[in-house]
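>>> need a structure here:
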Amino acid sequence: MTLEEIHSQEMVTESTNRMQSAGKALNELLLSAQRQGCLTAGVYESAKVMNVDPDNVTFCILGADEEDEGDIALQIHFTLIQAFCCENDIDIVRVNNIQKLAEIVGANEDSGEPQDLHCILITNPNENSWKDPALEKLSLFCEESRNVNDWVPTITLPE
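Down below sits the predicted model:
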C-alpha cells in the first residue's frame with residue numbers, strides 16, 4: 001500500500017467520523033432547542049422570523065427528500081434562504097431525511113398535524129448568546145466545510 005493510499009483511507013475515515021459527529025450534534029441541538037422553545041419549523045414561518053429578527057437566528061436546517069428535489073418552488077425558497085443565511089452569517093446545513101427530522105422534532109403541538117420541516121431555524125431563547133455544546137460543534141463543522149468551499153454541507157442524522 002502506498003503512502004497516498006494510506007492517506008486517502010485516513011481522509012475517508014476522518015470525513016466519516018466528522019459527519020457522524022455532526023449528525024449526533026444536530027440531533028442533540030434539535031432536542032435541546034425544542035425543549036427551550038427556540039425552534040421554528042416551516043419555510044414561511046422561518047421566513048417571518050428571519051425578516052423580523054435575523055440577529056436572533058443562530059442556525060438553519062434545510063430538509064428535503066429525493067422527491068423534493070423536483071419541487072421548483074421549494075428549491076427557489078431554499079436558494080433565497082441560503083442567500084439570506086450567508087448574508088447574515090447564519091450557519092446552515094442540509095438534511096436529506098425528512099422522516100428522521102419528523103421523528104426528532106415531532107408533530108405540531110397545537111394541531112397534532114405533521115409540520116413543514118423543509119426549513120428549521122434555531123433561535124436564541126433570550127437576549128444573551130446561547131451556549132450549547134452541540135451548537136458550537138455544528139458551527140465548527142460549518143466553518144470547516146466553508147473552508148473547503150462546501151457552503152451548505154449535508155448532514156446525515158444518526159439512526
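>>> Convert the longest strand anywhere in the chain to PDB, retaining C-alpha atoms only.
Counting residues, the longest strand found in the chain (DSSP state E) is strand 57-63. Provided in PDB are the C-alpha atoms of strand 57-63 (Å, rounded to 0.1, in the frame of the first residue of the first chain):
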ATOM      1  CA  VAL A  57     -31.300  33.300  14.400                       C
ATOM      2  CA  THR A  58     -28.300  31.100  15.200                       C
ATOM      3  CA  PHE A  59     -28.700  28.000  12.900                       C
ATOM      4  CA  CYS A  60     -30.700  26.900   9.900                       C
ATOM      5  CA  ILE A  61     -31.500  23.400   8.700                       C
ATOM      6  CA  LEU A  62     -32.900  22.800   5.200                       C
ATOM      7  CA  GLY A  63     -34.700  19.400   5.000                       C
END
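>>> Mind listing what's buried along the helix or strand just after that strand?
Once strand 57-63 ends, the next helix or strand along the chain (criterion: DSSP states H and E) is helix 72-87. Buried residues in helix 72-87, counting neighbours by 16 or more other Cβ atoms under 10 Å, are found at 74, 77-78, 81-82, 84-85. (Glycine included, C-beta is placed from N, CA and C.)
>>> repeat for stretch 90-107
Buried residues in stretch 90-107, counting neighbours by 16+ other Cβ under 10 Å, are found at 90-93, 95-98, 100-101, 104-105.
>>> Nearest to residue 65, out of those: which one, please.
residue 98 (5.0 Å; Cβ to Cβ).
>>> With residue 151 as the reference, measure out to that closest one.
From residue 98 across to residue 151, the span is 22 Å (Cβ to Cβ, to the nearest Å).
>>> ok, now residue 123?
Spatial separation of residue 123 from residue 151 under the definition Cβ to Cβ is 21 Å.
>>> Can you find the helix or strand of the chain with the lowest average pLDDT?
Across the helices and strands of the chain, mean pLDDT, DSSP states H and E gives its lowest value to helix 3-36, namely a mean of 74.
>>> after it comes which helix or strand?
Following helix 3-36 in sequence, per DSSP H and E, is strand 39-41.
>>> Pairing partners for that next one, with directions?
Sheet pairing of strand 39-41 (DSSP bridges) gives strand 119-123 (antiparallel).
>>> Can you classify the closest residue in space to residue 154 that isn't next to it in sequence as helix, strand or coil?
Once flanking residues are discounted, residue 154 sits nearest to residue 94: 4.5 Å by Cβ to Cβ, 6 or more residues apart in numbering. Classification of residue 94 by DSSP: H, G, I helix; E, B strand; the rest coil places it in strand.
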